[in-house]
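>>> here you go, sequence then predicted model.
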Amino acid sequence: MDILIFYCMGNKNTEEISRRKLLEQLGIVGASGLATFLGSTLIPDTVFASSKPADKKNISGNNSFHYGMVIDTKRCVGCRSCVLACKAENKTPPSVYYTVVVDQVLENRPDDKPTYMTKPCFQCEHPSCVEACPVSATFKRKQDGIVVVDYDRCIGCRYCITACPYGARWFDFGENYPAIAEKTRYAEVPSPEYGKYIKREPEKSPIGNVRKCTFCLHLQDESGKYNKNTGHWPACAKTCTGHAIYFGDFNDEDSDVYRLIRERQYIRLKEELGTAPNVYYLL
Amino acid sequence: MFWALGFFCFLLGIYGWYDRFAYGHLHANYGSIVTWGLWIAAYIYFIGLSAGSFLVSSLVYVFNIKAFEKVGRLAIFTALVTLILALLSVWADLGHEFRAWHVMVYPNFKSPMAWMIYLYSFYFLLILLEFYFINRKDFIEGSDLKDWRGKVYRMLAMRSRDVSETAVKRDYKMVKILATIGVPVAIMFHGGVGALFGVVAARPHWHSGMFPILFLLSALVSGGALLTMISIIFQDGYNKNKETVILLGKLVLGLLILDVIFQVSEFLIAFRGGIPGHIAGLKLVISGKYWPVFWIWQVFLGTVMPIVILASKAKRNPIYVGIACLLIFVGIFGLRLNIVIPGLAVEEIKGLATAVTSARASFLYFPSLSEWMLTIGIGGLGMLMFGLGEILLPKEKHQ
């Protein structure tokens, strides 16, 4: 120890690195690193006000819905009516598909009819897209569990698209179908999405934003309920020619979806990722 | 000739930026499947260069390793320039580029991306300050020059006029503090960029604990290589920095071999494990449509040839070290491309590739002309900034 001190003192005038100095410096580096790390992880989200956009409360107050879908793969014939209905309802541009129909060619019998799966956004219980968004522009609504996008906050970084394991999110590049690009009367009809009734204008949201299926929440009434009889129902579900898409509230014991997942065998996609999707596929 | 090339690239960039601002992302070839393309690859490339150069400079300013002292200042300048280039690249990629400030005001600290923005901002300030304090004395001394350079020096020196011994000592102390804080910050932000990719469980190609480490290693390799290359060219470095360059060459070789070991480990484990989702991305890299980007660009040009040069007798010749480093500098860009694109170009759900026919839902991606133009322009801007640095930066004095 004495020798070390002597050594250090002897070397005071030169800038040669001694073991003691190196340890000191490593210690400073480590300490500052630890301080930075601790300081940054311990600042809670709540310190930053309005980190999340304000949730709209529904009139019923305490009612909280748990909307989801149950899709019967035995009934789906791959007609793609759901894809078209969704497009017509939400007026999505050419590069955006809120729901797609995937042909799952079966590996053990590739020449047979594939299994068709219509794949909207699963409105997961633990959405990886919500965690990925750097500005909390996408979040899961408390009142009905639908994962939405705040078009005014989204910066279009597309991190959420990479984070979604199901390919449910799409970026709006600003392309338009000819009916809109050529400014026909169809172009005057706004998109009812989110109840915002936006007409497409260059560089304005939702162009440059990420978009996704919203379970047609603009068709909800003020209390947040859907009504199948009056057509206030997600476009894909009400259009399905095979009656394969069941939609409803998992909290409602009278709903189809509540009953079906208890009566039939089902799978959810990529369970191992822990996203807990709210769309179940009946086998 | 350097200036001509720089200006040419910069002009190409003007077209790219014009297209980006006039048409948004319409003329870019990425879509909603392969949603990040050349610009994000360029961003992680430049940010790696920045972190790497900075960490090399910390060898000088934090750990006092005398052998690299001559290039310490240059390293800080390199880190600053490449940081600016990286930020420009990623800014161009945003859907709403003028809303970028949202991350500062509405941050979501669960998102690695928000972390990155905060850390970069801090790092940017830190580098600016460090750059100022390192060069302050020389800026003041240069303020006496009669020509335009004097004007620039006066501006850069800000109001400071004190060149006394105590002021210089204080400068040095500030640099030391900043550099010391900067080391964990640089490790955090560049490891964080790796984490940004690594935490995405949806992309098995990225989802590996190795990603933060790989990013840091690649940063050190590429940043070190760039620094070595520049040390030969910059301000008559060939004559002045010979020993430093040779030493840097050894450092870069060691780091490169380490990087290779890590990457081989990743490939081997994934392939032997054999889970189709995990190896789909790697298969695309090795034998997919863009296999030349891996085998020729990244492996042969960027790894094998530099190792051969740096391990042979040629390593004692600074010119050959410089060539090897140029190859690494170019090759690592291929590595970055091989991270971003194959991660996204893999079907998440089997059958998704054929579910819709839309250019924006394609799994095949090749950057469009305007994407290339913009990126080349950013490279040209970098060259111009280095050119300015060549003229303006105070020449290294022998202490």
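Right, received. Where do you want to start? Predicted model only: the values in this text are computed from it and were never measured. Numbers count the residues shown, from 1 in each chain, chains lettered A, B, ... in the order given.

>>> anything in stretch A:206-223 sitting right up against chain B?
Yes. Applying CB under 8 Å from any CB of the partner chain, one finds stretch A:206-223 touching chain B at A:207-210. Every C-beta, even on glycine, is put in place using the N, C-alpha and C of the backbone.

>>> so which of those is the closest to B:F10?
A:G208 (26.2 Å; CB to CB).

>>> what number of residues lie near the closest one?
By other CB atoms under 10 Å in any protein chain shown, the residues close to A:G208 number 24.

>>> ok, now B:F300?
15.

>>> quick one: buried ones out of the residues of stretch A:206-223 next to chain B?
Burial by neighbour count, 16 or more other CB atoms under 10 Å in any protein chain shown: within those this picks out A:207-210.

>>> show me what counts as buried in stretch B:266-274.
So stretch B:266-274, judged by 16+ other CB under 10 Å, has buried residues B:266, B:270.

>>> quick one: contacts of that stretch?
Here stretch B:266-274 makes contact (CB atoms under 8 Å, 6 or more residues apart in numbering or on different chains) with B:208, B:210, B:214, B:278-279, B:282.

>>> could you turn the buried ones of those into a PyMOL selection?
With 16+ other CB under 10 Å as the criterion, this PyMOL line picks the buried residues out of those:
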select buried, chain B and resi 208+214+278+279+282
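
>>> got TSV for the contacts of stretch B:266-274, with pLDDT too?
Listed next are the contacts of stretch B:266-274 as TSV, based on pLDDT from 0 to 100:
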residue	pLDDT
B:S208	88
B:M210	89
B:L214	92
B:H278	83
B:I279	88
B:L282	90
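
>>> ok, the contacts of stretch B:266-274 vs B:F77, which is closest?
Looking across the contacts of stretch B:266-274 and measuring by CB to CB, the closest to B:F77 is B:L214, at 26.3 Å.

>>> what's the distance between the closest one and chain A?
Separation of B:L214 from chain A (CB to the nearest CB, to the nearest Å): 18 Å.

>>> now that residue: which helix or strand?
In this assignment (DSSP states H and E), B:L214 forms part of helix B:210-233.

>>> same thing with A:W170?
Per DSSP H and E: strand A:169-171 holds A:W170.

>>> relative to that strand, what are the paired strands and their orientations?
The pairing partners recorded for strand A:169-171 under DSSP bridges are strand A:210-212 (antiparallel).

>>> the helix or strand following the strand it pairs with vs chain B: in contact?
Remark: after strand A:210-212, the chain's next helix or strand is helix A:235-239, criterion DSSP H and E. No. Under the criterion of CB under 8 Å from any CB, helix A:235-239 makes no contact with chain B; the nearest approach is 14.2 Å.

>>> so which elements touch helix A:235-239?
helix A:81-90, strand A:245-249 (3 or more CB pairs under 8 Å, 6 or more residues apart in numbering or on different chains; DSSP states H and E).

>>> out of these, the one nearest chain B is which?
Relative to chain B, the nearest member of the helices and strands packed on helix A:235-239 by CB to the nearest CB is helix A:81-90, separated by 7.7 Å.

>>> where in chain A is pLDDT low?
A:1-17, A:32-33, A:35-63 (pLDDT under 70).

>>> point me to the residue of it nearest chain B.
A:G156 (1.5 Å).

>>> now the strands: where do they sit in chain A?
A:67-72, A:100-104, A:115-119, A:138-140, A:147-149, A:169-171, A:210-212, A:245-249, A:266-267, A:279-282 (DSSP state E).

>>> buried sites along stretch B:310-323?
B:310, B:314-315, B:318, B:320-323.

>>> apologies, that question was intended for stretch B:3-23.
Neighbour count says stretch B:3-23 has B:6, B:9-10, B:12-13, B:16-17, B:19-20 buried, by 16+ other CB under 10 Å.

>>> any chance of these in CSV, plus pLDDT?
Output for the buried residues of stretch B:3-23, formatted as CSV (pLDDT from 0 to 100):
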residue, pLDDT
B:G6, 89
B:C9, 91
B:F10, 91
B:L12, 90
B:G13, 91
B:G16, 90
B:W17, 91
B:D19, 90
B:R20, 90
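
>>> show me the helices in the stretch 1-150 of chain A, by range?
A:2-10, A:19-41, A:81-90, A:128-132 (DSSP state H, counting those that start in this stretch).

>>> ok, the last one near chain B or not?
Yes. Legend: contact between helix A:128-132 and chain B by CB under 8 Å from any CB is shown at A:128, A:131-132.

>>> pull out the buried residues from the residues you listed.
A:128, A:131-132.

>>> possible to save the residues you listed as a markdown table with distance to B:E266?
Listed next are these as a markdown table, based on distance: CB to CB, whole Å:
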| residue | distance to B:E266 |
| --- | --- |
| A:S128 | 22 |
| A:E131 | 24 |
| A:A132 | 23 |
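
>>> follow-up on the earlier one: show me the contacts for the nearest residue to the residue of chain A closest to chain B once chain neighbours are set aside.
Leaving out its chain neighbours, the residue that sits closest to A:G156 by CB to CB, 6 or more residues apart in numbering or on different chains is B:G95, at 1.5 Å. Going by CB under 8 Å, 6+ apart, B:G95 touches A:154-158, A:171-172, A:208-210, B:24-25.

>>> distance check, A:R19 against B:N64.
Going from A:R19 to B:N64 by CB to CB, to the nearest Å gives 13 Å.

>>> then B:W101?
Computed with CB to CB, the distance linking B:W101 and B:N64 is 39 Å.

>>> OK, now which residue of the stretch 51-200 of chain B is nearest to chain A?
For the stretch 51-200 of chain B, CB to the nearest CB, closest residue to chain A: B:G95, 1.5 Å.

>>> any idea which helix or strand carries that residue?
Per DSSP H and E, there is no helix or strand for B:G95.

>>> follow-up on the earlier one: can you redo the buried ones among the residues of stretch A:206-223 next to chain B as a markdown table with distance to B:D171?
Formatted as a markdown table, those follow (distance: CB to CB, whole Å):
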| residue | distance to B:D171 |
| --- | --- |
| A:I207 | 49 |
| A:G208 | 45 |
| A:N209 | 47 |
| A:V210 | 47 |
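
>>> ok, back up a step: which one of the strands of chain A lies nearest to B:S287?
Closest among the strands of chain A, using CB to CB: strand A:100-104, at 25.0 Å.

>>> and the closest one, what's buried?
So for strand A:100-104, counting by 16+ other CB under 10 Å, buried means A:100-102.

>>> next, give me the two most distant ones among the contacts of stretch B:266-274.
B:L214 and B:I279 (17.2 Å).

>>> one step back: which helices and strands does the helix holding B:L214 pack with?
Short answer (3+ CB pairs under 8 Å, 6+ apart): helix B:210-233 packs on helix B:38-61, helix B:72-93, helix B:165-198, helix B:237-240, helix B:242-273, helix B:318-344.

>>> go again with 7 Å.
Helices and strands touching helix B:210-233, by 3 or more CB pairs under 7 Å, 6 or more residues apart in numbering or on different chains; DSSP states H and E, are helix B:38-61, helix B:72-93, helix B:165-198, helix B:242-273, helix B:318-344.

>>> and the stretch 51-200 of chain A, which residues reach chain B?
A:51, A:94-95, A:97, A:100-105, A:119, A:128, A:131-136, A:153-159, A:161-167, A:170-171, A:173-175 (CB under 7 Å from any CB of the partner chain).

>>> which of those residues are buried?
A:51, A:94-95, A:97, A:100-102, A:119, A:128, A:131-136, A:153-159, A:161-167, A:170-171, A:173-175.

>>> grab the nearest non-local neighbour of residue 99.
Using chain A. Closest to A:T99 by CB to CB, 6+ apart is A:P120, at 4.1 Å.

>>> sorry, I should have been clearer: chain B.
Nearest one to B:R99, counting by CB to CB, 6+ apart, is A:I155 at 4.5 Å.

>>> show me what contacts the one you found?
Residues counted as contacts of A:I155 (CB atoms under 7 Å, 6 or more residues apart in numbering or on different chains) are A:135, B:94-96, B:99-100, B:102.

>>> and those residues, which is closest to B:F109?
Nearest to B:F109 among those is A:V135, at 11.2 Å by CB to CB.

>>> thought that closest one was touching B:H102?
Yes. In this structure, A:V135 is within contact of B:H102 by CB atoms under 7 Å, at 4.5 Å.
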